[in-house]
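Asks: 3D, please:
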Amino acid sequence: MRPSALALALTALLIRPAPGHARDDERPPLTVFFADGSSQPLRAWAFSYEYASWRKSESPARGTVARKESGDLLMGKKAMPVAGLVLEVEYAGLTARGLTAVDPAGKRSALKAEPPAPEAIVEAGKDTVVQVRGLDLQGETLTGGKRSYCLLSYTALVECAADPDQRVVKIRFP
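Replies: So this is what the prediction gives:
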């Protein structure tokens, strides 16, 4: 016996995502494009900024490394919403050197690949040094696997992947 269309519709309304799955406040999936021509959709994504902090009177080697996640692209003291944009990563050889934002109308805007201002990353006192090291894109594949892709390095302490299947060239945001 085949279920009726009404029974299927009612069942669909009653099914709820399990804990840890899609939520109402989750960002819609985006698509990441790589230098080898492949692509990967990601859900539950965020920009992840790696930073180190230490007291001015101490050695940076005694500092701590942490991350700040954001749904916006942080550049200097500005936060740029990315909804509807295509973000292209520009390379000089194998090193990412800049970003270009393409809006839905096709207008291209070069973005300065500068690290976020320390105050945009963490609340720190005047006696604390904050150094932003790199920008990653993190998220989950549609099958639930965790992925992280290095987009920009702000210091020599972070090196992004040179392999074409891991080198991000474009991100299409919903």
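
Asks: excluding chain neighbours, what is closest to residue 46?
Replies: Take residue 46 and drop its neighbours on the chain: the residue closest to it by Cβ to Cβ, 6 or more residues apart in numbering is residue 69, 4.1 Å away. To be clear about C-beta, it is placed using only N, CA and C from the backbone, and glycine gets the same treatment.

Asks: SS state for the one you found?
Replies: strand (DSSP: H, G, I helix; E, B strand; the rest coil).

Asks: got the contact list for it?
Replies: Residues near residue 69 by Cβ atoms under 8 Å, 6 or more residues apart in numbering: 46-49, 138.

Asks: now for those, which pair is the farthest apart?
Replies: 49 and 138 (10.7 Å; Cβ to Cβ).

Asks: higher neighbour count, the two?
Replies: residue 49 (23 against 16; other Cβ atoms under 10 Å).

Asks: average pLDDT across whichever helix or strand the more buried one is part of?
Replies: Element membership of residue 49 [criterion: DSSP states H and E] is strand 39-55. Per-region confidence: strand 39-55 scores 97 on mean pLDDT.

Asks: now find how far off-centre that strand is within its chain.
Replies: 5 Å (Cα atoms, centre = their mean, to the nearest Å).

Asks: mind listing what it pairs with, with the direction of each?
Replies: Strand 39-55 sits in its sheet next to strand 30-34 (antiparallel), strand 64-70 (antiparallel), strand 128-140 (antiparallel), going by DSSP bridges.

Asks: so which of the ones you listed gets nearest residue 99?
Replies: Across these, closest to residue 99 is strand 128-140 (Cβ to Cβ), at 9.4 Å.

Asks: can you give me the strands in the chain?
Replies: Along the chain, counting by DSSP state E, strands occupy 30-34, 39-55, 64-70, 73-75, 78-80, 86-92, 95-102, 108-111, 128-140, 146-153, 168-172.

Asks: for these, give me JSON lines that also has distance to residue 117.
Replies: Converted to JSON lines, these look like this (distance: least, Cβ to Cβ, whole Å):
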{"stretch": "strand 30-34", "distance to residue 117": "25"}
{"stretch": "strand 39-55", "distance to residue 117": "11"}
{"stretch": "strand 64-70", "distance to residue 117": "12"}
{"stretch": "strand 73-75", "distance to residue 117": "8"}
{"stretch": "strand 78-80", "distance to residue 117": "9"}
{"stretch": "strand 86-92", "distance to residue 117": "20"}
{"stretch": "strand 95-102", "distance to residue 117": "17"}
{"stretch": "strand 108-111", "distance to residue 117": "15"}
{"stretch": "strand 128-140", "distance to residue 117": "9"}
{"stretch": "strand 146-153", "distance to residue 117": "15"}
{"stretch": "strand 168-172", "distance to residue 117": "23"}
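
Asks: thanks a lot, see you next time.
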